[in-house]
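Engineer: Quick check, what structure comes out for this input:
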Amino acid sequence: MRLKQTLAALLIVSTTHVGFIQTAQATMIGTEEVARAHQGTSRSADDARAQLNEAFSRADVQARLEALGVDASDARERIAALTDEDAARLAGQIDKAPAGGIIEVILFVFLLLLLTDILGFTKVFPFTRSIR
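Structural biologist: Numbering: from 1, shown residues only. This next block holds a predicted model:
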């Protein structure tokens, strides 16, 4: 009896969402457009990574990272592991930041490292415990 009620509730919920399904439309695009879009993305991503590596190679940034307990090589590895979108977004934040805005970037990297430590993907900080 309980199984039937659960199944009936599931069917009611799923059928109410049928009206919300949207159709997708696709068109053909040329190879040149794909190549041009890919080159623009990779160039901007490479520029963003270069800008991030340059920012993180500064002595004051490395000193601040060390003060937060983050090794500079770990930060460089994290920059290399960022997706193209994340690298471009982070580089954009550095560009838009006022003087001294690198602190926000350092805080972002620190929080990112802390979150990945807590989730158990890395072990950078000795004071965290993994939830795994």
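
Engineer: Residue 131 in helix, strand or coil?
Structural biologist: Classification of residue 131 by DSSP: H, G, I helix; E, B strand; the rest coil places it in coil.

Engineer: That one touches residue 116, doesn't it?
Structural biologist: No. Look at residue 131 against residue 116 with CB atoms under 8 Å: they stay out of range, at 11.5 Å. Backbone N, C-alpha and C define where each C-beta goes, glycine included.

Engineer: okay, those two: which has more neighbours?
Structural biologist: Neighbours were counted for residue 131 and for residue 116 using other CB atoms under 10 Å; residue 116 has more, 18 against 7.

Engineer: For this protein, which segments count as helices?
Structural biologist: 2-16, 31-56, 59-67, 72-81, 84-96, 102-119 (DSSP state H).

Engineer: And the ones you listed: which comes nearest residue 25?
Structural biologist: Proximity to residue 25 (CB to CB) singles out helix 31-56 among those, at 17.0 Å.

Engineer: Which elements pack onto the closest one?
Structural biologist: The contact analysis (3 or more CB pairs under 8 Å, 6 or more residues apart in numbering; DSSP states H and E) places helix 31-56 against helix 59-67, helix 72-81, helix 84-96.

Engineer: I'd like those laid out as TSV, including distance to residue 112, mean neighbour count and mean pLDDT.
Structural biologist: As requested, these are exported to TSV (distance: least, CB to CB, whole Å; neighbours: other CB atoms under 10 Å; pLDDT from 0 to 100):
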stretch	distance to residue 112	mean neighbour count	mean pLDDT
helix 59-67	12	13	83
helix 72-81	7	14	81
helix 84-96	9	16	80
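
Engineer: can you tell which of these is closest to residue 120?
Structural biologist: It is, among those and with distance given as CB to CB, helix 72-81, at 16.0 Å.

Engineer: Pull the residues that contact that closest one.
Structural biologist: Helix 72-81 has contacts (CB atoms under 8 Å, 6 or more residues apart in numbering) with 49, 52, 53, 56, 62, 65, 66, 87, 109, 112, 113, 124.
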